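Student: Fold the stuff below for me.
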Amino acid sequence: MEVRLFTFNSDMIKGAVVKFWGLVLSAIFCIGLIDFAVGKACDNMVVNMPNIGEIGETNYSLYHISNKNLIIGSSRAFHHYVPSIINDSLNTDFYNCGRDAFFLSENCCAINAILKRYTPEHIVWEINDSYFYGDKPERLNMLYPYIKYDKYIENIIYENDNSFSNHIKMHSSLYRYNTVGFRILWRMLSPGQPSEAFRQGGYKGLEKKMGSFLILKDADLSTYNDNNLNHRKIRLFEEIVKKTCGAGCNLTVVMSPRFENFQGQMTTSTKIIKGICKKYGVQFLDNRQLQFFMEHPELFYDESHLNSEGAIIYTKLFASQLRRSNG
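Tutor: This is a model prediction of the structure:
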């Protein structure tokens, strides 16, 4: 009787274990199937999505832009350069490809993707000297959808984070599209109208005026510690400068006004940027500390960004700089 009971219990346990692992394997299979389906659907949609919203505008800048003159950069490019002013002044067709939180790695990917399709006449690259410090991995989620399309983007993503876990995550479509998949689907199903920024040549103004609320302070130069220089990013910057010049494209590297006092000092990264530009014959404009803007806090949205009024004044000044350099 005891033997039969033991056998019965043993069979029950074995059956439960088999059932458990059967459910686990079924779940893994279903998740894998969903991951595959999501990947296929999003991969097909992402390169054809309309130029609407953050992901649509990023996709447009990477793979559909065709203007002969381009502005590249992060939020300081996006909000500081009014293309219509430059175009009216120089009779050109500048488009602003700047995007919020689109930093050095994304800038390099954008320029590389553009140069693979065609050679613009002129690229203006708004750069930030703070890009070149620190070794903490960047958040490159806006580039994840393109990892299968662009070998350069794949290399950038894995150089940024070459951990085993990141390699595993990049093979999951659910992970790669977890922040943008729904937006891609929504834009494909409900495209709507192009954004205001697109209608203004890629530019978006910031309306707030800081005025007396913004006090000119000394820049925290401790954040520009030479021991924290990121030599990988310096290499990336130089490679793209070299590639752009080698393609026959005129390149201008520029730093626009900031409401911070750098006390007449030039950071090491700025010296490196200036040296690389000189090496390849690239025009470098350091406009961070223009006296006029330091005396007018009402032209700023915050310490790092001009408001729309400041952007208009600055773009006129920048256009005159380009006109003088073009002779």
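Student: hey, let's count contacts and neighbours off CA atoms from now on
Tutor: Noted.
Student: Spit out the contact partners of residue 247.
Tutor: Applying CA atoms under 8 Å, 6 or more residues apart in numbering, we find residue 247 in contact with 115, 119.
Student: again, 10 Å this time
Tutor: If a contact means CA atoms under 10 Å, 6 or more residues apart in numbering, then residue 247 has 115-116, 118-121 as its contacts.
Student: Could you point out the helix or strand that follows the helix or strand hosting residue 124?
Tutor: Take DSSP states H and E as the rule and residue 124 turns out to sit in strand 122-126. Past strand 122-126, heading to the C-terminal end, the next element that is a helix or strand (DSSP H and E) is helix 151-160.
Student: For that next one, enumerate the helices and strands it packs against.
Tutor: Secondary structure elements in contact with helix 151-160, counted by 3 or more CA pairs under 10 Å, 6 or more residues apart in numbering; DSSP states H and E, are helix 104-117, helix 164-170, helix 231-246.
Student: Swap in 7 Å and give it another go.
Tutor: For helix 151-160, the contact count by 3 or more CA pairs under 7 Å, 6 or more residues apart in numbering; DSSP states H and E identifies helix 104-117 as packing neighbours.
Student: Work out which residue lies at the spatial centre of the protein.
Tutor: The residue at the geometric middle of the chain, judged as the C-alpha nearest the mean C-alpha position with CA atoms, centre = their mean, is residue 102 (2.2 Å).
Student: Would it be right to say that that residue lies in a helix?
Tutor: No: per DSSP: H, G, I helix; E, B strand; the rest coil, residue 102 lies outside any helix segment and is coil.
Student: Tell me how far it lies from residue 311.
Tutor: 19 Å (CA to CA, to the nearest Å).
Student: Stretch 223-232: which residues count as buried?
Tutor: Going by neighbour count (16 or more other CA atoms under 10 Å), the buried part of stretch 223-232 is 224, 229-230.
Student: again with stretch 141-148
Tutor: Of the residues in stretch 141-148, those buried under the neighbour-count criterion (16+ other CA under 10 Å) are 142-147.
Student: One more: stretch 295-307?
Tutor: The neighbour-count check on stretch 295-307 (16+ other CA under 10 Å) flags 296-303, 305-307 as buried.
Student: swap in stretch 319-327?
Tutor: 319, 322.
Student: ditto for stretch 161-178
Tutor: For stretch 161-178, the neighbour count (16+ other CA under 10 Å) marks 161, 170, 172-177 as buried.
Student: Looking at these, which is nearest residue 96?
Tutor: Each of those was checked against residue 96 using CA to CA; the closest is residue 177, at 25.6 Å.
Student: and the closest one, what does it touch?
Tutor: The contact partners of residue 177, by CA atoms under 7 Å, 6 or more residues apart in numbering, come to residue 145.
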